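**Q** below are the sequence and a predicted model for it; my questions follow.
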Amino acid sequence: MNFFGVQQGQKKRDECSEEARTRILDAAQTLFAAHGFNATTIKAIAEQAGVPGGLIFYYFPTKKALLASVLGERNILVELRTVVDTLIVPDPRAALITLASHYLNTLEQHKELACIMLREFRSHPEVASEFHELREENIRFIASYVQKTLNAGQYEPVKNVQAIARMFLYNIIVIGIIEDLPEPLHFVESIVSSVCFTLGYTRKAMRI
């Protein structure tokens with residue numbers, strides 16, 4: 001076999017290896033969300049992924065390492081940030097409704113990850129650490145977004161923007177995880193109204 005044939009063969013093996021690893025992560029995510037970490041066996045994950053059980057331990061030394069990879073490698077904030085960073089508008093109310101809508105859409109698309117994190121963080125220190133890190137990262141992101149919005153609209157700076165971001169995030173998560181919530185937009189508007197009130201947002205608050 002020539003050099004290029006060896007390269008192509010190695011590339012194909014790498015692609016197959018990455019595909020198998022992704023299938024394992026997908027299967028683990030689905031089963032952890034449906035049945036919980038403790039009730040999910042490696043055998044069940046292997047069957048769901050369509051791989052030999054031993055292959056799972058080739059990629060992940062323990063089941064906890066697999067759980068950590070499911071949560072750590074699939075950071076939904078990255079996806080959210082790429083969308084929201086281009087949506088800075090000078091009206092705090094409109095900006096927050098837009099941000100809330102994107103958060104709810106993201107939570108809807110990644111319900112399994114949210115379910116795993118909220119279910120397991122009390123029982124597993126690794127998950128708790130990932131949960132707290134992700135929470136604080138989200139709070140910083142929201143606070144920065146709010147501040148950029150206020151700056152764009154030439155509003156007075158706000159001292160407690162971190163606390164406001166924390167309140168906003170907690171309320172959006174609650175809305176996002178409640179199944180079959182009637183008229184979620186109504187709840188979003190109520191949250192945004194509360195945040196705007198806390199911000200002291202009025203037309204008169206603009207810097208002249």
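**A** All right, it came through fine.
**Q** where does this protein dip in pLDDT?
**A** 1-16, 76-79, 82-90, 153-155, 157, 177-185, 199-208 (pLDDT under 70).
**Q** rerun at 50
**A** Residues of the chain meeting the criterion pLDDT under 50: 3-15, 203-208.
**Q** show me the domain layout of it.
**A** Structural domains annotated on the chain: 3-71, 76-205, as defined by automatic domain parsing.
**Q** export these to a markdown table and append columns for mean neighbour count.
**A** To be clear about C-beta, it is placed using only N, CA and C from the backbone, and glycine gets the same treatment. Listed next are the domains of the chain as a markdown table, based on neighbours: other Cβ atoms under 10 Å:
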| stretch | mean neighbour count |
| --- | --- |
| domain 3-71 | 15 |
| domain 76-205 | 16 |
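**Q** would you map the helices across the chain?
**A** Along the chain, counting by DSSP state H, helices occupy 3-35, 42-49, 53-59, 63-72, 76-84, 92-109, 111-120, 125-152, 161-177, 184-199.
**Q** now for the shortest one, which elements pack on it?
**A** Looking back up the chat, that one is helix 53-59. helix 3-35, helix 42-49 (3 or more Cβ pairs under 8 Å, 6 or more residues apart in numbering; DSSP states H and E).
**Q** how about residues contacting that helix?
**A** If you take Cβ atoms under 8 Å, 6 or more residues apart in numbering as the criterion, helix 53-59 is touched by Ala20, Arg21, Ile24, Ile42, Lys43, Ile45, Ala46, Ala49, Leu66.
**Q** start to end distance for stretch 113-131?
**A** From its first residue to its last, stretch 113-131 covers 11 Å (Cα to Cα, to the nearest Å).
**Q** and the contacts of that stretch?
**A** With Cβ under 8 Å, 6+ apart, stretch 113-131 has contacts from 29, 32-33, 36-38, 64, 67-68, 70-72, 74, 76, 107, 134, 173, 176-177.
**Q** give the contact list for Cys196.
**A** Contacts of Cys196 (Cβ under 8 Å, 6+ apart): Pro92, Arg93, Leu96.
**Q** same question for Pro52.
**A** With Cβ under 8 Å, 6+ apart, Pro52 has these contacts: Ala46.
**Q** for it, give me phi and psi.
**A** phi -60, psi 150 (degrees, to the nearest 10).
**Q** distance of it relative to Arg23?
**A** Distance, Pro52 to Arg23, by Cβ to Cβ, to the nearest Å: 12 Å.
**Q** and what of Leu71?
**A** Distance, Leu71 to Arg23, by Cβ to Cβ: 17 Å.
**Q** likewise for Phe168?
**A** Phe168 sits 36 Å away from Arg23, taking Cβ to Cβ as the criterion.
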